[in-house]
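Trainee: Starting from these lines, generate the structure:
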Amino acid sequence: MFRFTTIKDYHSDLLNGLTTCVEAVQHYLHTCSNQASLNAWLELFPEEALASAAVLDAERIAGKPLKPLHGVVIGIKDVLAYQGHSMSAASKILKQYTAVYNATAVVRLLEAGAIILGRQNCDEFAMGSSNEHSAFGAVRNALDTNRVPGGSSGGSAVAVQADMCMLSLGSDTGGSVRQPADFCGIIGMKPSYGRISRYGLIAYASSFDQIGIFAKQIEDVALALEVIAGEDAFDSTVSAQPVPAYSVEIESKSDQPMRLAYSPQMLQHPGLDPVIREGMEAFIKNLTAQGHIVEPVDFELLEYIVPTYYILTTAEASSNLSRYDGVRFGHRSDVSTDDLTDLYKRSRSEGFGKEVKKRILLGTFVLSEGYFDAYFTKAQQVRRLLTDQIQQVFTQYDGFISPTVPSTAWAFGEKSQDPVEMYLADIYTVLANLVGCPAVSLPLFQHPNGLPYGLQLMTSPFSEVSLLRLSKKLLELAGK
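Mentor: Take a look at the predicted model:
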């Protein structure tokens, strides 16, 4: 029977003739079929995946060296372009759209020998924290199917959680990789803004969006990041900084104690589950007892983080999504009309879901004449202050730790009637997107209610090597 632990072990089994890529694909297709009720996938590509696997097996048998992701079975969130395949952003407005080119990240996966198994369900246009906002039905948490998997990349997280693929790619605008990783008990990492090309990624908020990685082992995250990161002529916001060999660098050990900071204001926030607070405090004490430096730093702007994030991202969303009008892109209403404005209204009203409409309205409002300076300009100023403050922290510390989410996975419908309560679930994750630094959610803890919860680690921009090394160390200290 096929078993997967790490990419390294999988490659060893391939080279020793203990398994094949075809066997791996067949195994995951079988698992997907058995777990179909979780609704993690919008579409599978079985024939294509099996054909790719057969080609890779033939190359290996012929003596060709294995590529970095040879035969690695991967799922991609339904916001990444895969040429010739549907891409809907889990929205009715793009239900009939077929990608006409490949995202840069997808090109690099394929060139590295990966097998793309299918496209994964998510909140519509990556807007949501629970995956209850997909036009194609909610995704269910495999640990408790009455609870949400987190969002917006819930399908990508559940696919890894339930062993339906080896890795997944999601997108992270305010925690959409780290929050579902926390709820599903796996690793979710977003890199620095500009570390991975956004070419071929459907835009939600362009100055926040980043492609992120889900996996169960931090070494696999490092290898996937190494493959898909780097300069891209199709995306001017990508950094020209060289991409380190993350898969090698992560193995480097250091006897130096870690220097970590945390915010007492974050741990004392009234919305934080008391059990999670106690778990974090106990973990900090344990780290300190083992000789590591873990110190509090004041973070006085905490209450401004979520409002700033939602003002700026909805403003960018209202602009980015204006192209879906039934004429240039997206669903066109069947209702006959001679009025172009009426056609726009009908097409967008029919095509977009409630949460997307809400954010477009909010973003249009903050960009409107008379309110632009009061909201958008002021939020940009707060973003600058947050960036300065976090950069100051990283001059003295290797990393900044916090809970990933204030609670464990909630039940379906529990927060649907109170959008503010839902938005506050992002209070710890949006900071990394506002300041552009890399961050990861590590599945270190277990709540008495039986659900996992994670620790979030952030490091300074473009210090993914440090992020991955510290992550490995923290996982080892926690016995994971």
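
Trainee: Nearest residue to the middle of this protein?
Mentor: With distances taken as Cα atoms, centre = their mean, the residue of the chain nearest its centroid is Val177 (2.2 Å).

Trainee: which secondary structure element contains Arg108?
Mentor: helix 104-111 (DSSP states H and E).

Trainee: Can you tell me which helix or strand of the protein has the lowest average pLDDT?
Mentor: Lowest by mean pLDDT, DSSP states H and E among the helices and strands of the chain is helix 419-424, with a mean of 76.

Trainee: what's the next secondary structure element after it?
Mentor: Counting by DSSP H and E, what follows helix 419-424 is helix 430-435.

Trainee: What helices and strands are in contact with that following helix?
Mentor: helix 302-320, helix 378-394, strand 452-458 (3 or more Cβ pairs under 8 Å, 6 or more residues apart in numbering; DSSP states H and E). Where C-beta positions appear, they are placed from N, C-alpha and C, glycine not excepted.

Trainee: quick check: angle from the first one to helix 378-394?
Mentor: I take that to be helix 302-320. Computed by axes from the mean of the first three to the mean of the last three Cα atoms, to 10 degrees, the angle separating helix 302-320 from helix 378-394 equals 130 degrees.

Trainee: Need the contact partners of whichever helix or strand comes after helix 302-320.
Mentor: Sequence order places helix 340-351 as the next helix or strand after helix 302-320, per DSSP H and E. Residues outside helix 340-351 that contact it (Cβ atoms under 8 Å, 6 or more residues apart in numbering) are 91-94, 324-327, 330-333, 335, 337, 357.

Trainee: Buried only: go through those for me.
Mentor: Among the contacts of helix 340-351, those scoring as buried are 91-94, 324-326, 330-333 (criterion: 16 or more other Cβ atoms under 10 Å).

Trainee: Enumerate every residue touching Ile211.
Mentor: With Cβ under 8 Å, 6+ apart, Ile211 has these contacts: 80, 105, 169-172, 191, 196-198, 201, 228.

Trainee: again, only using 7 Å
Mentor: By Cβ atoms under 7 Å, 6 or more residues apart in numbering, the contact set of Ile211 is 105, 169, 171, 196, 198, 201.

Trainee: just checking, the fifth one touches Ser207?
Mentor: Right, the one you point to is Arg198. No: between Arg198 and Ser207 there is no contact under Cβ atoms under 7 Å: 10.4 Å.

Trainee: coming back round to it: need the buried ones among the contacts of helix 340-351 in a markdown table (columns: pLDDT and distance to Gly84).
Mentor: Below are the buried ones among the contacts of helix 340-351 laid out as a markdown table (pLDDT from 0 to 100; distance: Cβ to Cβ, whole Å):
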| residue | pLDDT | distance to Gly84 |
| --- | --- | --- |
| Ser91 | 98 | 20 |
| Lys92 | 96 | 21 |
| Ile93 | 96 | 20 |
| Leu94 | 96 | 16 |
| Tyr324 | 95 | 21 |
| Asp325 | 93 | 25 |
| Gly326 | 92 | 24 |
| Gly330 | 93 | 19 |
| His331 | 95 | 21 |
| Arg332 | 94 | 23 |
| Ser333 | 94 | 27 |
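
Trainee: Just the closest of these to Met127, please.
Mentor: Met127 has its nearest neighbour among the buried ones among the contacts of helix 340-351 in Ser91, at 9.6 Å by Cβ to Cβ.

Trainee: Do I have it right that the closest one meets Ala135?
Mentor: Yes: the pair Ser91 / Ala135 is scored as a contact, 5.3 Å apart, by Cβ under 7 Å.

Trainee: Please enumerate the shared neighbours of the two.
Mentor: Applying Cβ under 7 Å, 6+ apart, one finds that Ser91 and Ala135 are jointly contacted by 124, 353.
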